[in-house]
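Visitor: pasting the sequence and the predicted model now:
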Amino acid sequence: MDEQNWKDMESKYYMHAANRYPMVIERGEGTKLWDVNGNEYLDFTSGWAVNNIGHSNSVVADAIEKQSKTLLQTSNVFYTIPQLRLAEILIENSVLDKIFICNSGAEANEGAIKLARKWGRQNKNGANKILTAFDSFHGRTISTLAATGQPKYHETFMPVTEGFDYFELNNIDSLKSKIDDNTVGIMIEVVQGEGGVNICSQEFVQNVRKICDDKNIIMIIDEVQTGIGRLGSFYGYEKFGVEPDVITLAKGLGAGVPIGAILAKTEYSVFVPGDHGSTFGGNALTSAAAYASSKFILENDIPNNVNQLGSYFLSKLNELTSKFEIISEIRGMGLLIAIEFSSDIAADLINECNRNGLLVNAVRPNAIRFMPPLTVSEEEISEAMVKFTSAIESVLRK
Ligand SMILES: Cc1ncc(COP(=O)(O)O)c(C=O)c1O
């Protein structure tokens, strides 16, 4: 089968829920991907901030192989060892006490919303409203869509779940104006990924903590994109000097396998049997993969590499500002970085980058997001910058 045959199959059988890049990807290794025609790409999307230790990392591949020959899945009425190992490593390296393992980011956030509502019912006169930031992204189920502070995602699917309201990121007055007796939770991303790599100020995050303490509100941090090393600390909240009450994880947690988790302080771990569950959540296979990857990240101090590589990457991007007037802003933390332009050139840039063998994401019509594997090398970042510079030059020549 050639490339066109695969594309014909897609248009015949698959729901058109995504506009795809033109290549049919066949395999990956480290930061690189290859398509069915043998073309090589530097992958600075890493499965949308998922393949944290690179494609086909043998640490994860070996764990999957071993686990698949031992035990794949049982119901959660049984104790299983990979699930408990993963629970221990994630909790022991956090400020949280208890975990529930699920399958995705939306599912983790859905669970955190349920946890908050149950806690509000038991401890705060039935308070159930959750505040989230404009431009946030928390998932695509009906409740996590409602939590997502981007009305454009709600419109087609109204009515979404009630009980959510939105505030301006980094604006404490806007947040305060939305709080009332019915508010049970405030959910933030410390760096908004899908919203365009918008970074919370330390002051804002610490103020959120203070407000939550003063008003008996649960501080929930959605770490689906920022967790497990991406920002240069194992959990993103560590960079902001706060202890959240609840966090959610997914994406990089499994290094490529589908897994998510809710971590909570004991006080907020209010689920009892019958409240919540998941057939596949915490299954032996994905737990073993996530455990192997988390252990690798911790033992090799990958977050420290991320800090150094992130600074190097930002310095390389900053060099471009003197060359191209069209660059309006560069922002990022660790290896979650965006470059913004004064006009909508992101779609054209993606095409040029694809041609040059560099995969990046148009996070906004005028902004490109970079989220390479956390194991990317300085040489690969330099190589990517050469490809990216030539892509900007081509777009501007047109
Ligand atoms: C911060 C954040 N939360 C939740 C989600 C939803 O995760 P999933 O696609 O695994 O459901 C995403 C996905 O991009 C995300 O970035």
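Guide: Thanks, I have it.

Visitor: what is the neighbour count of the closest residue in space to Thr141 that isn't next to it in sequence?
Guide: Excluding the flanking residues, the one nearest Thr141 by CB to CB, 6 or more residues apart in numbering is Ala106, at 4.8 Å. C-betas here are computed from N, CA, C, even on glycine. By other CB atoms under 10 Å, 24 other residues sit near Ala106.

Visitor: who does the helix or strand hosting Ala106 touch, helix- and strand-wise?
Guide: With elements taken from DSSP states H and E, the one containing Ala106 is helix 105-123. When contacts are defined as 3 or more CB pairs under 8 Å, 6 or more residues apart in numbering; DSSP states H and E, helix 105-123 packs onto strand 98-102, helix 142-147, strand 183-188, strand 218-222, strand 246-249, strand 260-264.

Visitor: state the mean pLDDT of that helix.
Guide: Per-region confidence: helix 105-123 scores 98 on mean pLDDT.

Visitor: repeat that for stretch 208-225.
Guide: Regarding stretch 208-225, the rounded mean pLDDT is 98.

Visitor: straight-line length of it, end to end?
Guide: Distance across stretch 208-225, first residue to last, is 20 Å (CA to CA, to the nearest Å).

Visitor: stretch 296-307 now?
Guide: Across stretch 296-307, first to last residue, CA to CA, it's 17 Å.

Visitor: other residues contacting that stretch?
Guide: 52-53, 57, 59-60, 89, 93, 228-234, 334-335, 374-375 (CB atoms under 8 Å, 6 or more residues apart in numbering).

Visitor: show me the helices in the chain, by range?
Guide: 3-13, 46-49, 58-68, 81-92, 105-123, 142-147, 151-154, 172-178, 202-215, 284-299, 302-321, 346-356, 378-397 (DSSP state H).

Visitor: enumerate the residues of this structure near the ligand.
Guide: Residues of the chain found near the ligand (CB under 6 Å from any ligand atom) are 104-106, 109, 137-139, 189, 193-194, 222, 224-225, 250.

Visitor: the residues you listed: which two are farthest apart?
Guide: For the residues of the chain next to the ligand, the farthest-apart pair by CB to CB is Ser104 and Glu189; their separation is 15.9 Å.

Visitor: compare these two (neighbour count), which wins?
Guide: Neighbours were counted for Ser104 and for Glu189 using other CB under 10 Å; Glu189 has more, 26 against 20.

Visitor: pull out the buried members of the contacts of stretch 296-307.
Guide: Neighbour counting by 16 or more other CB atoms under 10 Å classes 52-53, 57, 59-60, 89, 228-234, 334-335, 374-375 among those as buried.

Visitor: next, count neighbours for the closest residue to the ligand within the stretch 51-200 of the chain.
Guide: Residue of the stretch 51-200 of the chain nearest the ligand, by CB to the nearest ligand atom: Gly105 (2.3 Å). Using other CB under 10 Å, the number of residues around Gly105 comes to 27.

Visitor: please report how far it lies from Gly111.
Guide: According to CB to CB, to the nearest Å, Gly105 stands 11 Å off from Gly111.

Visitor: and for those two, which residues touch both?
Guide: Taking CB under 8 Å, 6+ apart as the criterion, Gly105 and Gly111 both touch Thr248.

Visitor: and the lowest-mean-pLDDT helix or strand in the chain, what does it pack onto?
Guide: Least confident element among the helices and strands of the chain, by mean pLDDT, DSSP states H and E: helix 151-154 (a mean of 94). Packing partners of helix 151-154 (3+ CB pairs under 8 Å, 6+ apart): helix 142-147.

Visitor: show me which residues of the helix it packs on are buried.
Guide: Neighbour counts over helix 142-147 (16+ other CB under 10 Å) mark 143-147 as buried.

Visitor: show the contacting residues for the residue positioned nearest the centre of the chain.
Guide: The residue lying closest to the centre of the chain (CA atoms, centre = their mean) is Gln225, at 1.7 Å. Applying CB under 8 Å, 6+ apart, we find Gln225 in contact with 49, 105, 189, 191, 193-194, 251-252, 336.

Visitor: which one is it nearest to, not counting chain neighbours?
Guide: Gly193 (3.7 Å).

Visitor: tell me how far the one you found lies from Gly185.
Guide: 20 Å.

Visitor: ok, now Asp35?
Guide: With CB to CB as the criterion, Asp35 and Gly185 are 43 Å apart.

Visitor: pick out whichever of those two has more residues nearby.
Guide: Ranked by neighbour count (other CB under 10 Å), Asp35 and Gly185 place Gly185 first, with 28 against 17.

Visitor: quick one: pLDDT of that one?
Guide: Per-residue pLDDT puts Gly185 at 98.
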